[in-house]
Every structure is written in C-alpha cells, then in structure tokens.
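[1] Okay, here's the prediction I keep looking at, along with the sequence it came from:
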Amino acid sequence: YEMSSCDWSSDVRSSDLYYKKTLRKHDQKWEFVYLHFKNFVHGKCTFEEIDIDLCNKFREYLLSAKKLRRNGRITRNSASGYWSTFRGFLKILYRNGMIKTNVNDFLEKIETEDTMKEALSVEELYQLAETPCKKPIVKIASLFSCMTSLRISDILSLCWEDIVDYSAGGKCVHIITQKNKAEDIIPISEEALGLIGYSSEKKGLVFKELMRSWTQVPMKEWIRSAGITKNITFHSYRRTFAKTDFFFLCQITGFHNHFQNFVARYFFQDGDFFRDQIIIFIFYCPYVDDHINFIGAVIKGMNRFFRF
C-alpha cells in the first residue's frame, strides 16, 4: 500500500486521520521521523511488514541519513532522538492492536554522544539586545526565552492568559509545557513583561506573528550580524538562562527582585549550581553593600520558594 502524507497503516484513509491526530499531540520531531521512515520504505509499508528486521534496518538508515531540509547528514544525537520517537510510536501501535508483536522489546537504543552545548554570555546578550533583527518578533521571542527559559514550543503556544499573579508578588508564567506535559510556574520580571508589551486586557497568543521557521535563517542572520560566531539555536537560550541567569538578572534586568526569583528557582532545585553562583558573586562583588543586598535577596528568595 502506498503511504499518504500521514499514513503508517495499510488502511490509508483511517490511518491518515489517526496519524494526524497523534501528530498534533507531539512536537515537530514526529513529522521528521515520519518523513525519514517514508524515505526509508520508499513510500510503501504495511503493518505486517513492521518487524524486528525492518526496524533494525531503519535504525541503521538513521545513523547515516541525510538531513531533510539542509545539506549534510543528521548527527548521531538527532538519530538517537528520531529513533526514540519511532520506538515510542511503535508502542502506540502495539498498545492499540495495530501490530501484533511488541518489537520494542528486541530493539537497542542509539547511544548519544557528548557535545559542546553552546550558550550566550552576558556580553553576547548585550550585543543581541542592541542589534536590529529583520524579523523583530524573532528578537523579542529570543530575548524573552533568555529571560524565562521557555522552549520554542512553549513560546509559540504561550497565551496572555498564561501570565498570572504570582503568590509571592509580581507576575509569573503558569503553563503546561508542550514537551513534557508538566506544570511549570516561572516568575517573570517587569523587564520581560515590558519586552512583550504585556497588558492584562490582551487575549490569545503572545507571539501569534512568530513562525517556527524564522528561528532558522532569520534568527541565525541576526545572531551573525551581532558578531556572534557560536552555533546558537533557539534551545541555546534555555541553556543561556541556566548558565548566565545570575549575571543576566543582576546586570541586565536589575538586582533585587529578579535575584530573589533566581534563589527561589535554584536554591533546592540545583544546589551545586546555586553554590557555584554564590562563590562567583562573592569573588566578583567584594563590596559590603553588595553582600548585604545579596543576603537580603537570598532571604526573600527563600521566602518565595517556601511561599511564606
């Protein structure tokens, strides 16, 4: 049987609707996996043909597959992610009785490789903030991600109604994350609210004009025009938040209120990271007044964590 645009089944008509329904619940990686599998089977596959041998051959295909939209081959880590997604869909097929054998029990995962994960420094954040972008919404979304750690999937789905009052004062983003379907509450600064033009009267999507494809060429052109040569992706902003959160909050968006949020998020969630940042702060800010402000921020931040 020939595979339609979203067909994993011998019953083209019903499976097309089934896969589209399944695809809507997941991220773009599921579409890439489908396209790679379609290339692998040359557009034709039945449920009866999905066995251990076919799946292992698809595994080998992924390890040397070409990229779908750009030149070159996909990385081993991308292949690992695609393979994991493919196995996840096999579980759904087996659970729903579409294949008779749970082939996952006989499939080995693709081990990932350690890679250099890029993030922006504070200086580079300054450069980006001062550099115009051909797509202004890309610049706003990028800086907002640096200030909140939101993934691109959560940026695209963020609604004004998700910005609510925070129990410790101010505002926060209260969402169910697109990737993990987990609740997340992120304190948000006045600067971040000003960046997106927040108003309690606004409704609907915050970044409704943003297209995911703009995080490729337009965003990378903007980054290069800022004089940054690192291989920065949108996910790098999330790592930027984690690695430079202390300095970013203290130097760019103001010390007191935002460092309290930093303490609240990391004091117990990542003790080693929190400890290292305290050491860095004392080393770089050896002034008594700064230490007094710092201690006050720690206390208030702990209050926010425990919501006294």
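    Happy to help now that I have it.
[2] going forward, measure contacts between C-alpha atoms and count neighbours the same way
    Fine.
[3] just the helices in the stretch 51-200 of the chain please.
    Counting by DSSP state H, counting those that start in this stretch, one finds helices in the stretch 51-200 of the chain at the ranges 52-63, 76-95, 122-130, 136-148, 152-157, 190-196.
[4] which stretches of the chain aren't confidently modelled?
    Counting by pLDDT under 70, the chain has low-confidence residues at 1-27, 242-308.
[5] For it, which segments count as strands?
    163-165, 171-176, 183-188 (DSSP state E).
[6] Give the pairing partners of the shortest one; include direction for each.
    Put plainly, it is strand 163-165. In the sheet, strand 163-165 lines up against strand 171-176 (antiparallel) (DSSP bridges).
[7] Compute the inter-axis angle for the strand it pairs with and strand 183-188.
    160 degrees (axes from the mean of the first three to the mean of the last three C-alpha atoms, to 10 degrees).
[8] Now do strand 171-176 and helix 136-148, the angle between them.
    90 degrees.
[9] got the buried residues for strand 171-176?
    For strand 171-176, a neighbour-count test (16 or more other C-alpha atoms under 10 Å) marks 171, 172, 173, 174, 175 as buried.
[10] picking that back up, could I get the strands of the chain as CSV with distance to residue 100?
    Formatted as CSV, the strands of the chain follow (distance: least, C-alpha to C-alpha, whole Å):
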stretch, distance to residue 100
strand 163-165, 46
strand 171-176, 34
strand 183-188, 35
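[11] what's the closest of those strands to residue 213?
    Shortest distance between residue 213 and those, using C-alpha to C-alpha, is found for strand 171-176: 23.0 Å.
[12] Run through who's touching that closest one.
    158, 162-166, 182-189 (C-alpha atoms under 8 Å, 6 or more residues apart in numbering).
[13] how does it look with 7 Å?
    Around strand 171-176, the neighbours that count as contacts under C-alpha atoms under 7 Å, 6 or more residues apart in numbering are 162, 163, 164, 165, 166, 182, 183, 184, 185, 186, 187, 188.
[14] distance of residue 140 from residue 174?
    Per C-alpha to C-alpha, to the nearest Å, residue 140 is found 20 Å from residue 174.
[15] cool, and residue 48?
    Relative to residue 174, and taking C-alpha to C-alpha, residue 48 is found at 45 Å.
[16] re earlier: and the furthest pair within the contacts of strand 171-176?
    The farthest-apart pair in those, when distances are taken by C-alpha to C-alpha, is 165 and 182, at 19.5 Å.
[17] quick one: which of those two has more around it?
    A direct count of neighbours by other C-alpha atoms under 10 Å for residue 165 and residue 182 places residue 165 higher, at 14 against 9.
[18] Just give the nearest non-adjacent residue to the more buried one, would you?
    residue 171 (4.6 Å; C-alpha to C-alpha, 6 or more residues apart in numbering).
[19] Tell me how far the one you found lies from residue 164.
    From residue 171 to residue 164 the distance is 6 Å (C-alpha to C-alpha).
[20] I'd like to know how many residues surround residue 136.
    14.
[21] same question, the one 5 residues further on
    For residue 141, the neighbour count with other C-alpha under 10 Å is 22.
[22] repeat for residue 231
    So residue 231, with other C-alpha under 10 Å, has 13 neighbours.
[23] mind checking how far the closest residue to it other than its chain neighbours is from residue 234?
    With C-alpha to C-alpha, 6+ apart as the criterion, residue 231 has its nearest non-adjacent residue at 6.7 Å, and that residue is residue 118. With distances taken as C-alpha to C-alpha, residue 118 is found 11 Å from residue 234.
[24] Between those two, point out the one with more neighbours.
    residue 234 (21 against 15).
[25] dump the residue contacts of the more buried one.
    152, 215.
[26] Could you check how far it is from residue 60?
    29 Å.
[27] circling back to that earlier point, most widely separated two among the buried residues of strand 171-176?
    Checking the buried residues of strand 171-176 with C-alpha to C-alpha, the most distant pair is 171 and 175, at 12.9 Å.
[28] State the number of residues packed around residue 120.
    So residue 120, with other C-alpha under 10 Å, has 21 neighbours.
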